[in-house]
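S.K.: could you look at this predicted model? Sequence included:
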Amino acid sequence: MKKQQRLVMRTVILLLLLAALGYTIYANFFTEKTAVAVGSTAPDFVLSDLEGREHRLSDYRGKGVFLNFWGTWCKPCEREMPYMNELYPIYQKQGVEILAVNVGEPKLNVEKFAERFGLTFPIVIDRQDQVLNAYGVGPLPTTFLIDKNGKVKKIITGTMTKEDIKQHLESIKP
Amino acid sequence: MEQVKCECGHVNPHGTVFCESCGKPLEEQGEKSLLDMRYEGSARRSQTYKRTIVDQIWAFFSSVKVGVALIVITLIASVIGTIFPQEMYIPPNVNPADYYEEQYGWAGKLYYELGFNNLYGSWWYILLIALIGVSLVICSLDRVVPLYRALKRQGVKRHPHFLERQRLFGVSRISDMDQAVALLKERLAKQRYRVREEDGHLLAEKGRFSRWGPYVNHVGLIIFLIGAMLRSVPGMYIDEVMWVREGETKEIPGTNGQYFLKSEKFIFDTYKKGEDNEVFNAAIDRVGDGMIAENYQTNVVLYKRVGPTVAGAKPELEKVKEYPIRVNEPLKFDHYALYQVDFRLNEPKTMSFQLTDKQSGKTLGTVAIDLYDPKETYNLGNGYRVELLSYFPDFEFDEDGNPSTKSRVPNNPAFVFKMYAPDRPEGEVSFVAIQQTLEPFGDNKYKMAFAELETRNVSGLTVRRDFTLWILGVGGAIFMFGLVQGMYWNHRRIWVQRVNGELWIAAHTNKNWFGLKKELHRLLDGTGLTMPADRLEERKQAGQGGQAHGTA
């Protein structure tokens, strides 16, 4: 019947419009603005640490990785570094690695910083901002929690308390 | 009752104002009033059935009032959005939540909390735009379908009530009807009307095409909105900023590590007297020699990465091309475009100091410090050595009064040196910033005297890739086409009908009644037929004369 047809037609058109509207809202507000989304595989990278050893993210498969982007001038980074340092040996034994990516500062400054706080976890320097771009890091500090399968479990922007860090490390234990 | 059968035999949908075929008014109105010809008196679909929830939603969006309300709300919101600055214009290093409240008090706080600080990105603004889109689609569909139907089905012979209730209407009594109708038919054809004849009655029509203008326009607008919507689909739209220093090779953001760019040189030229065309001299005098920019240019080399993409690994690069990027002359490759948008001149790159004996002024060697990768120790020979204890690329005193750095860019480099000499084996500490030297542990024998600053320019480029541009272009073109179609053509109809031995002439147009009247004058000139009167004008005049009667 004609009336039936009209109802079907209207329903279809309304659904199409609703889908377009829904997608726009979804794409703008419910997807990660960063290049890396929670649940996706963390982009692989290779960077050298202060001793010249290469660290490749994919070599850490099977372990949890606490990937922290930081700079020496960034005060919140400075605040959380000692906590990370304290918890590092405890969680390293349980299969969680801490990897700190410095955002392309002079090696001298990074070394002095590491010395000052006696940092023991590996610090790599992203000289050309390539890793920064691949992870779409904006403000510092930004931390990516990566599980044993190389998937991003959580992205944290901003400073963390010791308790926060502990919980995050706990959450990516293999 | 679902359908209405007219006395002419045509079956009309429920809600029709006057019969689609013969035009007889179906709903009784004041006898003398003019017919409302909007949408040809057709039944707007939404008003027909309001039973299910779907129909109710449909009816809501099909209302022009709702559409206008949505547009007005959006306009008001946009106006409010200009009261305080948008977030992109506030200082970059402040927290917007605090900034608005600090600067503008409670109003600023409210402004921020309601999302006016980032208006185009706030969810309710996007929702409003989307609802306008929905309203546009439904409003149009709900009107264009019945309108098309009504215009397609209109009969030549119209009911007398239809004719006498038109705005332009006249009655003539003549002897030879056939001759008059034949003459009118010929003249109408000459005026490029499409003429249909039925039982000696005429319907002349031109420019029906114009009626579709608004709907074509809406289709364009909807395509435009779809294009705008697609910008939020990943990969469709890239808009990034990159800063590249002279001599530096950098990954181009937004290309997933596929492309790299090297800046060979940044050039900033100004108009100079004597070097440029004389016609510029007056302007140069007014503004000052060397003050007017002539050219901003970055000479670049584009590289493509070959082999696997692993971020951070030293990339294997293949040269693609060299290009001078100038304002409005972007480097284009693989759908990307790199635009020259900004620059910084003379950013410090290397700083040189001379180790100098303060008393004798004798220099004992030069230390050149790469501000991006300084060494820890500089050996000058003969037992002279300088150690770099601390380096602050962008020096400031922090809240606690300690020297620190604001960023990693060497805008204002400062150093803490330890100078060793044969006669100072313990070393002397000296703090050196631009035009400032401190000796924290007493008077030193030696000093680091500033010798030279090597600088380089930095280019600010925009990386742009836009796959939605052609959609916006197509949408815009259709929009414009529809606008022209509706604006510059008029849909005119003239009915010529024999009624009880009289010749009735009625005419209607959707706009430009003046033009239609002129056409009627030419048509009836010398025929002896009565020129149809403009009854709306008559009524207006009657109303102005204080004798308001028979209001429309």
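M.R.: That came in fine, so what should we check first?

S.K.: middle-most residue in chain B, spatially?
M.R.: With distances taken as C-alpha atoms, centre = their mean, B:Ala228 lies nearest the centre of chain B, 8.7 Å away.

S.K.: name the SS class of that one, please.
M.R.: The three-state label given to B:Ala228 by DSSP: H, G, I helix; E, B strand; the rest coil is helix.

S.K.: and it, what pLDDT?
M.R.: The confidence metric pLDDT takes the value 86 at B:Ala228.

S.K.: could you pull up the residues touching it?
M.R.: B:Thr468, B:Leu472 (C-beta atoms under 8 Å, 6 or more residues apart in numbering or on different chains). The C-beta positions use only the backbone N, C-alpha and C, and glycine is treated the same way.

S.K.: how about the contacts made by A:Asn68?
M.R.: A:Cys77, A:Glu80, A:Met84, A:Ile98, A:Leu99, A:Ala100, A:Val101, A:Pro141, A:Thr142, A:Thr143 are the contacts of A:Asn68 under C-beta under 8 Å, 6+ apart.

S.K.: and which of those residues is nearest chain B?
M.R.: A:Val101 (8.8 Å; C-beta to the nearest C-beta).

S.K.: the closest one belongs to a strand?
M.R.: Yes. A:Val101 sits within a strand when classified using three-state DSSP.

S.K.: surely it touches A:Gly71?
M.R.: No. Using C-beta atoms under 8 Å, A:Val101 makes no contact with A:Gly71, being 10.0 Å away.

S.K.: quick one: which of those two has more around it?
M.R.: With neighbours defined as other C-beta atoms under 10 Å in any protein chain shown, A:Val101 and A:Gly71 compare such that A:Val101 has more, 25 against 21.

S.K.: against B:Lys5, how distant is the more buried one?
M.R.: 80 Å (C-beta to C-beta, to the nearest Å).

S.K.: the contacts of A:Asn68 also near chain B: which ones?
M.R.: Checking those against chain B by C-beta under 8 Å from any C-beta of the partner chain, not one of them is in range.

S.K.: among these, which lie within strands?
M.R.: A:Ile98, A:Leu99, A:Ala100, A:Val101, A:Thr142, A:Thr143 (DSSP state E).

S.K.: can you list the domains in chain A?
M.R.: For chain A, automatic domain parsing gives the domain ranges A:1-31, A:46-171.

S.K.: most packed of the ones you listed?
M.R.: For the domains of chain A, the largest average neighbour count (mean count of other C-beta atoms under 10 Å in any protein chain shown) is found in domain A:46-171, namely a mean of 18.

S.K.: end-to-end on that one?
M.R.: This stretch, domain A:46-171, spans 25 Å end to end (C-alpha to C-alpha, to the nearest Å).

S.K.: mind listing what's buried in stretch B:136-153?
M.R.: By 16 or more other C-beta atoms under 10 Å in any protein chain shown, the buried positions in stretch B:136-153 come out as B:136-144, B:146-148, B:150-151.

S.K.: skipping adjacent residues, who's closest to the single nearest residue of the stretch 451-552 of chain B relative to chain A in space?
M.R.: Nearest to chain A in the stretch 451-552 of chain B, going by C-beta to the nearest C-beta, is B:Val463, at a distance of 11.0 Å. Sequence neighbours aside, B:Glu240 is the residue nearest to B:Val463 in space, at 4.3 Å (criterion: C-beta to C-beta, 6 or more residues apart in numbering or on different chains).

S.K.: the one you found contacts B:Gly254, correct?
M.R.: Yes. In this structure, B:Glu240 is within contact of B:Gly254 by C-beta under 8 Å, at 4.4 Å.

S.K.: and those two? Which one has more around it.
M.R.: Ranked by neighbour count (other C-beta under 10 Å), B:Glu240 and B:Gly254 place B:Gly254 first, with 20 against 16.

S.K.: and B:Gly528, how many neighbours does it have?
M.R.: B:Gly528: 9 neighbours (other C-beta under 10 Å).

S.K.: from chain A, how far off is the closest residue to it other than its chain neighbours?
M.R.: Of all residues not flanking B:Gly528 in the chain, B:Ile174 sits nearest, at 6.6 Å (C-beta to C-beta, 6+ apart). B:Ile174 sits 46 Å away from chain A, taking C-beta to the nearest C-beta, to the nearest Å as the criterion.

S.K.: contact partners for residue 78?
M.R.: Picked chain A for this. Contacts of A:Glu78 (C-beta under 8 Å, 6+ apart): A:Thr72, A:Phe117.

S.K.: to clarify, I was referring to chain B.
M.R.: B:Leu119.

S.K.: what do you get for the one 10 residues further on?
M.R.: B:Met88 makes contacts with B:Asn118, as judged by C-beta under 8 Å, 6+ apart.

S.K.: would it count as being in a helix?
M.R.: Yes. Assessed with three-state DSSP, B:Met88 lies in a helix.

S.K.: neighbours of whichever residue of the stretch 1-150 of chain B sits closest to chain A, how many?
M.R.: Nearest residue of the stretch 1-150 of chain B to chain A (C-beta to the nearest C-beta) works out as B:Ala130 at 4.4 Å. When neighbours are defined as other C-beta under 10 Å, B:Ala130 has 21 of them.

S.K.: could you look up the SS state of it?
M.R.: Going by three-state DSSP: B:Ala130 is helix.

S.K.: which phi and psi values does the residue nearest to it when sequence neighbours are not counted adopt?
M.R.: Nearest residue to B:Ala130 in three dimensions, chain neighbours excluded: A:Leu21, at 4.4 Å (C-beta to C-beta, 6+ apart). For A:Leu21, the backbone dihedrals (degrees, to the nearest 10) come out as phi -60, psi -50.

S.K.: looking at A:Leu21 now. What's its pLDDT?
M.R.: 84.

S.K.: check contacts around it.
M.R.: Counted by C-beta under 8 Å, 6+ apart, A:Leu21 has contacts B:Leu127, B:Ala130, B:Leu131, B:Gly133, B:Val134.

S.K.: B:Arg158: neighbour count?
M.R.: 24.

S.K.: isn't it right next to B:Trp495, touching?
M.R.: Yes. Assessed by C-beta under 8 Å, B:Arg158 is found in contact with B:Trp495 at 5.7 Å.

S.K.: which residues do the two both contact?
M.R.: If you check B:Arg158 and B:Trp495 against C-beta under 8 Å, 6+ apart, the residues they both contact are B:His201, B:Leu203, B:Ala506.

S.K.: hey, what's the second one bridged with?
M.R.: Taking DSSP bridges, one obtains B:Arg196, B:Trp495 as the residues bridged to B:Leu203.
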